[in-house]
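Visitor: The sequence and its predicted three-dimensional model are supplied below.
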Amino acid sequence: MFTRKFKKGKLKLMTIMTCLCLIISFSIFALTNFALAADNEKESGETKEIKPPDKQLVVTYFHTTYRCTTCKKIERYSKEIVEKEYEKELKDQKIIYRSLDMTEPANKHYIEEYKLVTKSIVLSITEKGKELKWKNLPDIWKTIKKKEKFENYIIEEMKAYLKEI
């Protein structure tokens, strides 16, 4: 009886010790890799943190909680355009794309600021976080039925604003 309890206690102790050894080994491995990665980053002069530029173009799709298929299409197409046509600018944070529910309490101020009547895409130029100018793109509703026309409309409007950045 005593030997059986002793063996069970020894087995539990061995299991705990094995787990601790694995945790310590993993921690050492992870810390070593983290330190090596940091050293490599210093040597190469690269930094992973990108400082956003002073001026940015913010493309915002404003929607409500309820969204019909056309509303979802506007969001999908506009996001695809920005990601496809302006991949580098997105990566460099020269362009920011976002989708906001204008009915959420934190976003309701945009309704008055941008005179939003329905779902909309708004282009906005900001400098150091302060908005300099903005434009609501009302023709998204007229052009959405023809994807190419919609794309051209968004691209042309963005090009005009990008000239100012």
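Guide: Arrived safely. Fair warning: this is a prediction, and the values are worked out from it, not measured in the lab. Residues are numbered from 1 along each chain as shown.
Visitor: All the helices of the chain, residue numbers only.
Guide: With DSSP state H as the criterion, the chain has helices at 2-44, 69-85, 87-91, 109-113, 140-143, 147-162.
Visitor: Tell me the buried residues in the last one?
Guide: Right, the one you point to is helix 147-162. F150, E151, Y153, I154, I155, E157, M158, Y161, L162 (16 or more other C-beta atoms under 10 Å). All C-beta spots, glycine's among them, are computed from the backbone N, C-alpha and C.
Visitor: ok, back up a step: mean pLDDT lowest where, among the helices of the chain?
Guide: Lowest mean pLDDT within the helices of the chain: helix 2-44, a mean of 54.
Visitor: Find me the pLDDT at G129, would you?
Guide: Looking at G129, its pLDDT stands at 87.
Visitor: which residues does it contact?
Guide: Residues counted as contacts of G129 (C-beta atoms under 8 Å, 6 or more residues apart in numbering): none.
Visitor: Ok, E157 next?
Guide: When contacts are counted by C-beta under 8 Å, 6+ apart, E157 touches L123, K135, L137.
Visitor: Provide the backbone phi and psi angles at the last one.
Guide: This means L137. When read as degrees, to the nearest 10, the backbone of L137 gives phi -100, psi 90.
Visitor: Burial check on it, number of neighbours?
Guide: A count of neighbours around L137, defined by other C-beta atoms under 10 Å, yields 19.
Visitor: Isn't it up against I121?
Guide: Yes - look at L137 against I121 with C-beta atoms under 8 Å: they come within range, at 4.6 Å.
Visitor: Who are the contact partners of L116?
Guide: L116 makes contact with F62, M102, Y110, V122, N136, according to C-beta under 8 Å, 6+ apart.
Visitor: what number of residues lie near Y86?
Guide: Close neighbours of Y86, defined as other C-beta under 10 Å, add up to 19.
Visitor: Export the buried residues of helix 147-162 to a markdown table and append columns for distance to E127.
Guide: Shown next, in a markdown table, are those (distance: C-beta to C-beta, whole Å):
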| residue | distance to E127 |
| --- | --- |
| F150 | 29 |
| E151 | 28 |
| Y153 | 25 |
| I154 | 22 |
| I155 | 23 |
| E157 | 19 |
| M158 | 17 |
| Y161 | 13 |
| L162 | 14 |
